[in-house]
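Asker: Mind folding the following:
(2 chains)
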Amino acid sequence: MIQVENLVFQYPKNDTPTLKSLNFEISRGEVFGFLGPSGAGKSTAQKVLYKTLSGYEGNIKIDGKDLTDWDSTYFEKIGVGFELPNHYLKLTGKENLELFASFYPDGKAKKVETLFEMVDMFDAINQPVEAYSKGMKMRLNFIRAIQHDPDILFFDEPTSGLDPVNAHKIKQHILDLKEQGKTIFVTTHNMNTADELCDRVAFIVDGKLEATDAPKTLKAQYGKKAINVLLQDGQTEEFPLTGLGNNEVFLAFIKQAEVKKIHTMEASLEEVFIKITGQSLQV
Amino acid sequence: MNKIIKLALTDIKIIFRDSSLRVFLVLPLVLFALIIWAVPNLVSKYDFLEPYLSLFLIVAVIENTQVFSFISSMVLIDEKETEVAKAYGIVPLSKLEYLLSRFLFPYLFTVSLNVILFLVQPFYDISLGANLGISFLTALVVPVYVLGINSIVQNRMQGMVYIKAFNMLVLIPVAAFFTPDKLKHLFGFFPTHWIFQSIDYLTQGKTIGMLLAIGFLVLGGLLWWLSSVFLRKHFL
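Answerer: Model prediction:
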């Protein structure tokens, strides 16, 4: 559905390109994530794909058609959840959604009330947006992005500004959209969001893709198939997972004292990121 | 067309819900009161003001454009500052539809204000043709002003500074009336000069066709250029 080949983009006032020869594909029904620190080029890549930035080099195809050949019907096909809330503060949530729904062909827009119920905001539907909390505004961003039932969705830091409960709900809604066959491109520097949502992630640093694979594969590749045991007396030891039940040394070790903690040594996505790129995500 | 009307109506809703913008809608009433009652009274008391009647009319006509020059500038600056502008960059609304929806109502409203002003002012007999010509030309100041401001500023604070500067630029060609005749068109660099001269010629009973044509050319060209600059920047 989305094919990107040798994408290079340079802002007119910069000396060097922000995106340096990116190559990736996103299939229908896939959640693909760009994971990287601030300023790595994540949002720029999305902006090129949703046609806010032009003047790129390379090839971008959407449903087999060059991005430059798409007219304004492209915008009926896509939905964008911006990183920061952006709404008319003097209008109510309902008025904001109805305004943007009016730009799409009749019959495409979902019912506003249903959308507000979906994100637990039905009670605030007629309140001016200036009375909303940041989390509510972000949820309004989300439902605005999906209200016209687009095939391709771009989410920039979709859980930013949300409390854990609402972040979980939004992630669940994104997974539901994936089940409906939507193509979803997420950018985030939050490893948990990427891990929970994405079928594949690409690590982007300084405008270059350093690795692209499924989170599970990356974590297995860079982690250890082992467990770490910590006893109450402070002793700690690592044991391979293979044949653990018959490992005499392991069995003897855990009999020495009360076991305080046992955990697997699979790498977290952030650890994989640091190993591959040599950089931290929380930049 | 529905899209244009919906967005135009939203602008009106926003204006009426923002007390700092709503209050500016009173300005035309003040101007009308000045032109209908205050200025005639002043002129009857102070004869030396009579040669400046056309200047009073010119200032009133241009001040009518300032209502929506300010209001629409602030609406669009707010849209930029709150990043709502970004959301317009990814909807199936053409750039022309976007501009039309933002300026159709302010333009026609300003035209109407000046048409009425020319009809109710007690100083000169002005034909309907000349009235409409000058009113349609003068109202072009609104989109030019708003697009100019919004091509430069990023937030309300910057907006207030530039609005002050633009207000001065709009009025600078008044100086042409205190300049020797052969030099007055040096102010033609400022687009409002052609509006001011048209009104002045009209009040002297001279033909204004050429001045109107130049005015439409200058303001139209400026509008086209500023639209392209604005559209390149506003949705980023």
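
Asker: so who does residue 122 touch?
Answerer: Since no chain was named, I'll use chain A. A:113, A:116 (C-beta atoms under 8 Å, 6 or more residues apart in numbering or on different chains). Heads up, the C-betas are built off the backbone N, CA and C, glycines and all.

Asker: hm, I was asking about chain B
Answerer: Residues near residue B:122 by C-beta under 8 Å, 6+ apart: B:35, B:36, B:40.

Asker: again, only this time at 10 Å
Answerer: Taking C-beta atoms under 10 Å, 6 or more residues apart in numbering or on different chains, we find residue B:122 in contact with B:35, B:36, B:37, B:39, B:40, B:43, B:53.

Asker: for residue A:152, same thing?
Answerer: A:1-2, A:26, A:28, A:49-50, A:62-63, A:74, A:77-80, A:182-185.

Asker: where along chain B do the helices fall?
Answerer: B:2-17, B:19-22, B:27-33, B:39-45, B:53-81, B:84-88, B:95-120, B:128-139, B:141-152, B:156-171, B:192-203, B:209-233 (DSSP state H).

Asker: With distance to residue A:207, mean neighbour count and mean pLDDT added, can I get the ones you listed in a markdown table?
Answerer: Listed next are the helices of chain B as a markdown table, based on distance: least, C-beta to C-beta, whole Å; neighbours: other C-beta atoms under 10 Å in any protein chain shown; pLDDT from 0 to 100:
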| stretch | distance to residue A:207 | mean neighbour count | mean pLDDT |
| --- | --- | --- | --- |
| helix B:2-17 | 36 | 17 | 88 |
| helix B:19-22 | 42 | 12 | 89 |
| helix B:27-33 | 50 | 15 | 92 |
| helix B:39-45 | 64 | 13 | 92 |
| helix B:53-81 | 27 | 22 | 93 |
| helix B:84-88 | 21 | 21 | 93 |
| helix B:95-120 | 29 | 19 | 94 |
| helix B:128-139 | 47 | 19 | 96 |
| helix B:141-152 | 29 | 24 | 95 |
| helix B:156-171 | 30 | 15 | 92 |
| helix B:192-203 | 47 | 24 | 95 |
| helix B:209-233 | 23 | 16 | 95 |
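
Asker: any chance of those in a markdown table, with distance to residue A:192 too?
Answerer: Supplementary listing: the helices of chain B in a markdown table, determined by distance: least, C-beta to C-beta, whole Å:
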| stretch | distance to residue A:192 |
| --- | --- |
| helix B:2-17 | 38 |
| helix B:19-22 | 43 |
| helix B:27-33 | 54 |
| helix B:39-45 | 70 |
| helix B:53-81 | 32 |
| helix B:84-88 | 26 |
| helix B:95-120 | 38 |
| helix B:128-139 | 55 |
| helix B:141-152 | 40 |
| helix B:156-171 | 37 |
| helix B:192-203 | 58 |
| helix B:209-233 | 36 |
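
Asker: Quick check: the farthest pair among the contacts of residue B:122?
Answerer: For the contacts of residue B:122, the farthest-apart pair by C-beta to C-beta is B:37 and B:53; their separation is 14.6 Å.

Asker: okay, now the residue of the stretch 51-200 of chain A found nearest chain B: neighbour count?
Answerer: Residue nearest to chain B within the stretch 51-200 of chain A: residue A:86 (3.8 Å; C-beta to the nearest C-beta). When neighbours are defined as other C-beta atoms under 10 Å in any protein chain shown, residue A:86 has 20 of them.
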